[in-house]
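K.L.:
Generate a structure from the sequence data that follows.
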Amino acid sequence: MRYSLDKNEKFAVFKLHEPKLNTLISAELKSEMLIINSQGFNNIILDLTDTQYCDSSGLSAILVGNRVCRNANGNFVLTGLSDNVKKLITISQLDSVLTISGTMDEAISSINS
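P.N.:
Residues are numbered from 1 along each chain as shown. Below you'll find the predicted structure:
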């Protein structure tokens, strides 16, 4: 799995550099979310700008990130969603559960507020 991680004082930005968030990647993404959270980052921004496709296992990985942040009284924010990924989240009715920002600046603002 290709990704970059930018750690800030208040949050970590995890940018996935993969076109597909599917079964091949989801287990590793779940592990990374748990590791980042265990390092004291309760606020995580997941940037999916490079990701055009997501399946149910990818959604599961996203929900793990959301859960670990919420359990640590933090925030989990998604940004950079393609139309396909947005549609899947909406169809799955997860748009009411997940925090979704249109831009990185909005994601950062939602954590800092």
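
K.L.:
Tell me which helix or strand residue 61 sits in.
P.N.:
Under the criterion of DSSP states H and E, residue 61 resides in helix 56-71.

K.L.:
Which stretches in the chain count as strands?
P.N.:
3-7, 12-16, 20-21, 44-47, 53-54, 76-79, 99-101 (DSSP state E).

K.L.:
would you turn those strands into a markdown table with mean neighbour count and distance to residue 89?
P.N.:
No exception for glycine: its C-beta is placed from N, CA and C like everyone else's. Formatted as a markdown table, the strands of the chain follow (neighbours: other Cβ atoms under 10 Å; distance: least, Cβ to Cβ, whole Å):
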| stretch | mean neighbour count | distance to residue 89 |
| --- | --- | --- |
| strand 3-7 | 13 | 20 |
| strand 12-16 | 21 | 15 |
| strand 20-21 | 20 | 12 |
| strand 44-47 | 25 | 12 |
| strand 53-54 | 20 | 8 |
| strand 76-79 | 24 | 8 |
| strand 99-101 | 18 | 7 |
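
K.L.:
In contact with residue 68, which residues?
P.N.:
By Cβ atoms under 8 Å, 6 or more residues apart in numbering, residue 68 lies in contact with 33-34, 37, 76.

K.L.:
Repeat that for residue 30.
P.N.:
Going by Cβ under 8 Å, 6+ apart, residue 30 touches 60-61, 64-65.

K.L.:
Tell me the one among these nearest to residue 19.
P.N.:
residue 61 (15.4 Å; Cβ to Cβ).

K.L.:
What's the local residue count around the closest one?
P.N.:
Other residues within reach of residue 61, judged by other Cβ atoms under 10 Å, total 24.
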